[in-house]
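**Q** Sequence and computational prediction follow.
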Amino acid sequence: MITLGWVRMTALYNAWQNSGLRRDVQALDAGEATRDRGAFFGSILGTCDHLLRADKMWLSRIADGPEAPPGGIAESRNLTPDVAAWAARRKATDTAITRWAEALSDCDGDLTCSSGALGRDIARPMAVLLTHFFNRQTHHRGQIHAMLTAAGVEPEDTDLPFMPEPA
């Protein structure tokens, strides 16, 4: 279904896109970043926090990495106290995702993990879960992009073919 090359490319794309989000969100004043915009997670920062929490949760599942943050979806919009804290944790998480992708040797087989949303364990093909991991990131970045645009920010390109070559 997917290849190691796809996983690595998508991890780099995620880091590139989140770098732009960090720049754009940090350029907002605190009131703009935290203003309720009627989105599912309220504000720009609330949606950024949700995305970060979910990335950390999924990374704990697929990489046997650090423990997932406490709480569930309802609390995910309040993961960090402010934009600066979010930006630092976002950058560290993107580094962890990229390093994990580089070290990944196999994306075959099944993974069993606990789903808080379903309240039970699930077993799914690793390829399906990795596709979900990266697709969900794109979905939530799209929500953030729309809120940034409405706030008068012009985010940079999001097209994969325009991603800079890795250094």
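**A** Nice, I can see it. Residues are numbered from 1 along each chain as shown.
**Q** what residues does the helix or strand bottoming out on mean pLDDT in the chain touch?
**A** The helix or strand of the chain with the poorest confidence is strand 110-115; it has a mean of 87 (mean pLDDT, DSSP states H and E). Residues from elsewhere that reach strand 110-115 (Cβ atoms under 8 Å, 6 or more residues apart in numbering): 61, 62, 120, 121, 122, 123, 124, 125, 126, 129. Bear in mind the C-beta positions are built from the backbone N, C-alpha and C, glycine included.
**Q** Just give me the neighbour total for the first one.
**A** Other residues within reach of residue 61 by the criterion other Cβ atoms under 10 Å amount to 16.
**Q** element containing it, please.
**A** Secondary structure from DSSP states H and E places residue 61 in helix 44-62.
**Q** Equivalent analysis for the fourth one, please.
**A** Element membership for residue 121, per DSSP H and E: strand 120-125.
**Q** then that strand to PDB, C-alphas only?
**A** The C-alpha coordinates for strand 120-125 follow below in PDB (Å, rounded to 0.1, in the frame of the first residue of the first chain):
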ATOM      1  CA  ARG A 120     -11.000  -0.300  23.200                       C
ATOM      2  CA  ASP A 121      -8.000  -1.700  21.500                       C
ATOM      3  CA  ILE A 122      -7.900  -1.800  17.700                       C
ATOM      4  CA  ALA A 123      -5.700  -3.800  15.300                       C
ATOM      5  CA  ARG A 124      -5.200  -2.300  11.900                       C
ATOM      6  CA  PRO A 125      -2.600  -2.700   9.100                       C
END
